[in-house]
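Visitor: what follows is a predicted protein model with its sequence.
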Amino acid sequence: MASNWKDVLELAVSIELECAALYEVFAKRSTNRRELVYFWMNYAEAERYHAASIRIHQSALAGIPEMGEQKFEVESTDAAAFLSAIRAAREKCEREGVTLPEALRLARWVEEHSAELHGRIQFFKVFPEFGDLLQKMAEEDRAHRDLLTSAERRWAAST
């Protein structure tokens, strides 16, 4: 499906910000454990950092006259479905609450799928600078996933 480059980047920013909002819900649900509030807020900040990085690159692209309304063949259906799934999970957690094991599993799923999506976006092959950014973001998402796995083991006994 051909998508305007601006729409592709807006979707990427929306995913990052929705991830941040999900992690903030986890922090709010963990107020009785300062360590967990800090843990989840760090994850939320990392997602906001990703969104800001995409925005910086978006601004740089907007300054290239030949970009105009150029369209690229990208598959945005999976990304849009992922955004919807994260939003639904956040809303459910806000409404019903979430246990620590559930939050850790959900966050690990989010980080794993984010890394996979970053690696699959073909649009960024056209612009190596974006490819480098997304590769770095995918590496960070995988590192976050691995930290979540360690946290799951660490905190499993305390739940």
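Guide: Nice, I can see it.
Visitor: I'd like the next helix or strand past the one helix or strand in the chain whose mean pLDDT sits lowest.
Guide: Least confident helix or strand, the chain: strand 71-73 with a mean of 59, by mean pLDDT, DSSP states H and E. Taking DSSP states H and E as the definition, the helix or strand that follows strand 71-73 towards the C-terminus is helix 77-96.
Visitor: show me what that following helix packs onto, helices and strands only.
Guide: Packing partners of helix 77-96 (3 or more CB pairs under 8 Å, 6 or more residues apart in numbering; DSSP states H and E): helix 5-28, helix 100-120. The C-beta positions use only the backbone N, C-alpha and C, and glycine is treated the same way.
Visitor: how far out from the middle of the chain is the helix or strand that the shortest one is followed by?
Guide: Right, the one you point to is helix 100-120. Where DSSP H and E defines the elements, the next helix or strand beyond helix 100-120 is helix 128-156. How far helix 128-156 lies from its chain's middle: 10 Å, per CA atoms, centre = their mean, to the nearest Å.
Visitor: helix 100-120 and helix 128-156, what's the angle between them?
Guide: Using axes from the mean of the first three to the mean of the last three CA atoms, to 10 degrees, the direction of helix 128-156 lies 160 degrees away from that of helix 100-120.
Visitor: give me the buried stretch members for helix 128-156, please.
Guide: Of all the residues in helix 128-156, those buried under the rule 16 or more other CB atoms under 10 Å are 130-131, 133-134, 137-138, 140-142, 144-145, 147-148, 151-152, 155.
Visitor: hang on, the earlier thing: can you lay out the helices and strands packed on helix 77-96 as CSV showing mean pLDDT and distance to Arg34?
Guide: Supplementary listing: the helices and strands packed on helix 77-96 in CSV, determined by pLDDT from 0 to 100; distance: least, CB to CB, whole Å:
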stretch, mean pLDDT, distance to Arg34
helix 5-28, 91, 10
helix 100-120, 85, 14
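Visitor: reformat those as a markdown table; add distance to Glu35 and mean neighbour count.
Guide: Formatted as a markdown table, the helices and strands packed on helix 77-96 follow (distance: least, CB to CB, whole Å; neighbours: other CB atoms under 10 Å):
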| stretch | distance to Glu35 | mean neighbour count |
| --- | --- | --- |
| helix 5-28 | 11 | 20 |
| helix 100-120 | 11 | 19 |
